[in-house]
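**Student:** Need a 3D model of the sequence below.
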Amino acid sequence: MIELWPSGLTAYPFAAAPIGPGDPFEVEWRQLPAGAYVRPSLIGSVAAHALDEGEPITVSDLQSPVAVPAGWWALALEVPRRLAPGSPIQLVLAGGDDPAVPGIVVSSDEPGRFDVSGPTALIAVPPEDASRIAAAASARQVTVLIAP
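**Tutor:** Predicted structure coming up:
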């Protein structure tokens, strides 16, 4: 028997495995009623934040990949709020002659429901400042400034 009526179902992307911020999508397609939500185009996108296995992938879960500039180093730091990849920031170190260091957000993630800390971001810094930033971060003597 052949059904001639449209089924009203459309394939939507779901996370096939846990996905970290900045990671490419591993997708499982599931049939849902057409129009359930806006189906995103995953071409050229990576995850904007962490997704658990089985979560639907929506437009708000996508971001364009941001690379660490050549020669720069990146480290994860707690930030005041979730930041968009590519955002410029300033890292202010306690003490020292040159306390401010520019940085670029590579990826950013919201904390889980039960996490004690705030949002975190992978921040790229120039190579000449990388060890100073890492030492200050391990001593909790770095503050992340963001533009309004």
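
**Student:** rest of the way, CA atoms for contacts and neighbours
**Tutor:** Will do.

**Student:** what's next to the one helix or strand residue 131 maps to, contact-wise?
**Tutor:** Using DSSP states H and E, residue 131 maps to helix 130-138. Outside helix 130-138, the residues that touch it by CA atoms under 8 Å, 6 or more residues apart in numbering are 72-75, 77, 93-94, 142.

**Student:** so which of those residues would you say is closest to residue 124?
**Tutor:** Distance to residue 124 across the contacts of helix 130-138 (CA to CA) is lowest for residue 74, with 4.0 Å.

**Student:** what about that closest one, distance to residue 82?
**Tutor:** Remark: distance between residue 74 and residue 82 (CA to CA, to the nearest Å) = 17 Å.

**Student:** tell me the domain ranges of the protein?
**Tutor:** 9-63, 73-146 (automatic domain parsing).

**Student:** would you list those in JSON lines and tack on mean pLDDT and mean neighbour count?
**Tutor:** Converted to JSON lines, the domains of the chain look like this (pLDDT from 0 to 100; neighbours: other CA atoms under 10 Å):
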{"stretch": "domain 9-63", "mean pLDDT": "90", "mean neighbour count": "16"}
{"stretch": "domain 73-146", "mean pLDDT": "85", "mean neighbour count": "17"}
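
**Student:** Centre of the chain to the longest strand anywhere in the chain, how far?
**Tutor:** Criterion DSSP state E: the longest strand present in the chain is strand 100-109. Offset of strand 100-109 from its chain centre (CA atoms, centre = their mean, to the nearest Å): 11 Å.

**Student:** Show me what that strand packs onto, helices and strands only.
**Tutor:** strand 88-93, strand 120-125 (3 or more CA pairs under 8 Å, 6 or more residues apart in numbering; DSSP states H and E).
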